[in-house]
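Visitor: no sequence on this one, just coordinates:
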């Protein structure tokens, strides 16, 4: 529901005293009173107030009626009453977008701006910006310039804000306000002595009010940024000028300046040397808001600053944790929590303050304090004496706090505990015990579901088998008294999947059979399937006993239970294990997305839903996707307690997708690529698409005349590589024709087959050029390559507004050099999860070792990010986490190559002499691929 319609309903539902006035009655009264002689000031103010109330609550007037009102209101300019004049300007501003011939009041407005009363002069300026059109704005240029430099800050702010309104239609005129705006931002303006005495509300207390708010600096800075945001050097000069001394007095303007610095550094990180001292200076500002904004910006740029510089941020946040203002404490601890996600060891110095905030009166703060402390505990060694005591003390305090907080905050704490246990598997024992104890307490379905979800994930992803059995046993005890059918069904399903692989399956069979005797029909149906899985996996005597138990269910009162029992017994007796326990499954997120798309369009109903479009995944692949999805979800949920995670506009193509649906989108994108390529006749014989790079790689800057991205498609069985070049034409007056890409590999084993050119590309449109290569096989000496790329095209000018070109014009041929493209080892690998890396790595054959220097990396964290991006492997055992004070690290990576073999890489990193040296030990089931991985990392 829109705001307007909501307000209409609100007014309609209230009493008669608050009901909206009749629109036509107000219209008739306005016409009558505004044209009367003499003008009744009080009556006209009342009518204008009613008219504005109608407009503000969503009522609209037809163009003819609006124009009539507009002309009638303009006659009120003859009266000098200040209050009436203010309402006149408010009404004209609202009606200007609905009325015709509004320029007739321009002269009256300009007259008020030049010599009018200070009370309604700001109203006149704001109204003038709404009335002017691009052809008449030049006449008011001098007026706006004078108003911008006016000594009254209210008039100056009104002119600056009006300049914003003029930007879309008259940017060239507004650019000429630059000198006046600079003068304003560096000047001191104060309110007139009688500014607040004009209203009886202030009475005799006006002497205690501040002489100025400096708000005009905030408005002026915003306008200057809009005028200079395309000129980096001018923007740098502006920032340097305003940061020197104390030119900016207004806290909001300083916060805005910090945000502009952040935008510049996101675009060009090399400027951090010049801009860091400015940001560091704001860490000791008198305003809490400024300090928080500076801390937030520097935390986002922590990969660019040194550890000692980063500690200055922590010191500032530590100070802000002790201020009495609740909003400041919350903002400070939220930033500390954000740091703790990747660098918990850096905030261990504030543990004392965090423990003091556990009992804070604001539960959002206390919850964040607990979740942050959980991460700092993970940074230490829980198995040591001191670390164990800290964890025990924290869990004790959490236990006492759980009775006082709402379930929403309990869920946040549960997610933080799960996140810690997944990232640091060695710390799980005490945390699992806390979760299982919490499961036994009373709670709603939502709370119990969150606990069960956390325990399910720990069962899947913890490498310790004893921990899995402990959790399974606790879940068995929980379903004995579980009042929620949904949870009982889920737990029974999990027991059927995990129980047969434990050392004592009969323990779980007994608990499952109890559900057949004591529960409702839905739970009994799930118990039947769970028992059937035990029989299929365990076999032998276990299967015989389960057949006896299931045979008793053939006479169950519920037909669903009887049918499932009969079907299960049939499969067990015929040894049809695959029909009971499947080794491959569909990714449910991808299936849901595809089904939703199918059902949203009735045109799709003419053809049946094709289940083959959904990728079928092995259990290992599915577990890898679930692990990535879970880690991403937990990381995002812990950064925000009371609102959604922040989103940053303008992220690069590689970071466009985030959240739990990424993996589903990637799988569907792979399927879409396969379908698109299969429709092209030249690629029909290539067979199955083995792998595509999901995220397009930019070969040009995003602001270039031609924006080119590329996607690599590998057909391993056919030994083909298809390069898909997506080309966007940003030239507004040019049409490109006969577009092709010349790709030249440095590996002679890559032989070009053909090019599928693009016939025509109009402005602001995107087209595709395909280039096909025959590739070497895995047995060849060199599999990797780099491609030099050149776009060749014919350029023709557009001759009219419809985008047509002169057919007689042959145009001119041109070439455009773009960035090189590399085929790396990671292009042949998909990340794969394994709960026991050491065992899986030791079993892999074909070891290869190499020593490389990681280029353009000044820290171990950056080096790990580059290696992960290069090899496209999944980090295991929390090895992607690097303590900030460490000079060496071991990174464990695992994956699966496109030939179906597993790949394990052990990387030993060392920081020495300002360089990052990596010893890469690669192993792979596919013969010859381990050497490609070891030598292809950089």
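Guide: Perfect, I can see it now. From a predicted model like this one, the values you see are computed outputs, not experimental measurements.

Visitor: Quick check: residue 778 is in a strand.
Guide: No - counting by DSSP: H, G, I helix; E, B strand; the rest coil, residue 778 is not part of a strand but coil.

Visitor: which residues in the stretch 551-700 of the chain form helices?
Guide: Counting by DSSP state H, counting those that start in this stretch, one finds helices in the stretch 551-700 of the chain at the ranges 559-573, 588-599, 619-639, 662-678.

Visitor: Indicate which one of those is closest to residue 443.
Guide: Within the helices of the stretch 551-700 of the chain, the stretch nearest residue 443 is helix 619-639; the backing value is 18.9 Å (Cβ to Cβ). Bear in mind the C-beta positions are built from the backbone N, C-alpha and C, glycine included.

Visitor: Comparing the helices of the stretch 551-700 of the chain, which yields the minimum mean pLDDT?
Guide: For those, the bottom mean pLDDT is recorded on helix 619-639, which sits at a mean of 68.

Visitor: Format the helices of the stretch 551-700 of the chain as CSV; extra columns: distance to residue 717.
Guide: Output for those, formatted as CSV (distance: least, Cβ to Cβ, whole Å):
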stretch, distance to residue 717
helix 559-573, 34
helix 588-599, 23
helix 619-639, 19
helix 662-678, 13
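
Visitor: name the element residue 923 belongs to?
Guide: Assigned by DSSP states H and E, residue 923 falls within strand 915-924.

Visitor: Likewise for residue 817?
Guide: Short version, using DSSP H and E: residue 817 is in strand 812-823.

Visitor: do the same with residue 61
Guide: Going by DSSP H and E, residue 61 is not in any helix or strand.

Visitor: the helices in the stretch 801-938 of the chain, which residues?
Guide: Along the stretch 801-938 of the chain, the stretches classed as helices by DSSP H, counting those that start in this stretch are 837-843, 860-871, 929-936.

Visitor: Need the winner for burial among these.
Guide: helix 929-936 (a mean of 23; mean count of other Cβ atoms under 10 Å).

Visitor: Now do that one: distance to the chain's middle.
Guide: Centre-to-centre, helix 929-936 and its host chain are 34 Å apart (Cα atoms, centre = their mean, to the nearest Å).

Visitor: Which strands or helices does that helix pack on?
Guide: Applying 3 or more Cβ pairs under 8 Å, 6 or more residues apart in numbering; DSSP states H and E, one finds that helix 929-936 makes contact with strand 848-854, helix 860-871, strand 902-912, strand 915-924.

Visitor: One more pass at 7 Å, please.
Guide: Applying 3 or more Cβ pairs under 7 Å, 6 or more residues apart in numbering; DSSP states H and E, one finds that helix 929-936 contacts strand 848-854, strand 902-912, strand 915-924.

Visitor: relative to strand 812-823, how tilted is it?
Guide: 120 degrees (axes from the mean of the first three to the mean of the last three Cα atoms, to 10 degrees).

Visitor: so residue 87, which of the three states?
Guide: Looking at residue 87 with three-state DSSP, the answer is helix.

Visitor: Nearest residue to residue 872 in space, please, no chain neighbours.
Guide: Sequence neighbours aside, residue 826 is the residue nearest to residue 872 in space, at 3.2 Å (criterion: Cβ to Cβ, 6 or more residues apart in numbering).

Visitor: Next, the contact list for the one you found, please.
Guide: 870, 871, 872 (Cβ atoms under 7 Å, 6 or more residues apart in numbering).

Visitor: Kindly recompute the last result at 8 Å.
Guide: For residue 826, the contact set (Cβ atoms under 8 Å, 6 or more residues apart in numbering) comprises 869, 870, 871, 872, 873.

Visitor: of these, closest to residue 902?
Guide: Nearest to residue 902 out of the contacts of residue 826 is residue 873 (Cβ to Cβ; 10.7 Å).

Visitor: so where's the stretch 251-400 of the chain shaky on pLDDT?
Guide: Confidence mapping of the stretch 251-400 of the chain against pLDDT under 70 gives the ranges 377-391.

Visitor: how about the helices in it?
Guide: Under DSSP H, counting those that start in this stretch, the stretch 251-400 of the chain gives helices at 251-267, 272-281, 288-300, 307-320, 326-342, 351-356, 363-379, 385-402.

Visitor: Give the residue spans of the stretch 651-800 of the chain that score low on pLDDT.
Guide: The model of the stretch 651-800 of the chain has pLDDT under 70 over residues 651-665.

Visitor: Quickly list the domain ranges of the protein.
Guide: Here the domain assignment for the chain is 1-98, 103-228, 588-650, 666-823, 827-936, based on automatic domain parsing.

Visitor: ends of the longest one, how far apart?
Guide: So that's domain 666-823. 20 Å (Cα to Cα, to the nearest Å).

Visitor: Now do it: distance to the chain's middle.
Guide: For domain 666-823, the distance to the chain centre is 29 Å (Cα atoms, centre = their mean).

Visitor: rewinding a little: could the helices and strands packed on helix 929-936 go into TSV alongside mean neighbour count and mean pLDDT?
Guide: As requested, the helices and strands packed on helix 929-936 are exported to TSV (neighbours: other Cβ atoms under 10 Å; pLDDT from 0 to 100):
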stretch	mean neighbour count	mean pLDDT
strand 848-854	15	90
strand 902-912	20	91
strand 915-924	21	91
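
Visitor: which of the helices of the stretch 251-400 of the chain is buried the deepest?
Guide: helix 363-379 (a mean of 24).

Visitor: Would you mind pulling up the elements that that helix packs against?
Guide: helix 326-342, helix 351-356, helix 385-402, helix 407-423.

Visitor: Any chance of JSON lines for these, columns distance to residue 588?
Guide: As requested, the helices and strands packed on helix 363-379 are exported to JSON lines (distance: least, Cβ to Cβ, whole Å):
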{"stretch": "helix 326-342", "distance to residue 588": "27"}
{"stretch": "helix 351-356", "distance to residue 588": "38"}
{"stretch": "helix 385-402", "distance to residue 588": "32"}
{"stretch": "helix 407-423", "distance to residue 588": "20"}
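
Visitor: Which of the ones you listed sits closest to residue 296?
Guide: helix 326-342 (5.9 Å).

Visitor: OK, contacts around the closest residue to residue 569 other than its chain neighbours?
Guide: Closest residue to residue 569 apart from its sequence neighbours, by Cβ to Cβ, 6+ apart: residue 550 at 5.7 Å. If a contact means Cβ under 8 Å, 6+ apart, then residue 550 has 528, 531, 532, 535, 565, 568, 569, 572 as its contacts.

Visitor: again, but for residue 228
Guide: Residue 228 neighbours (Cβ under 8 Å, 6+ apart): 234, 235, 238.
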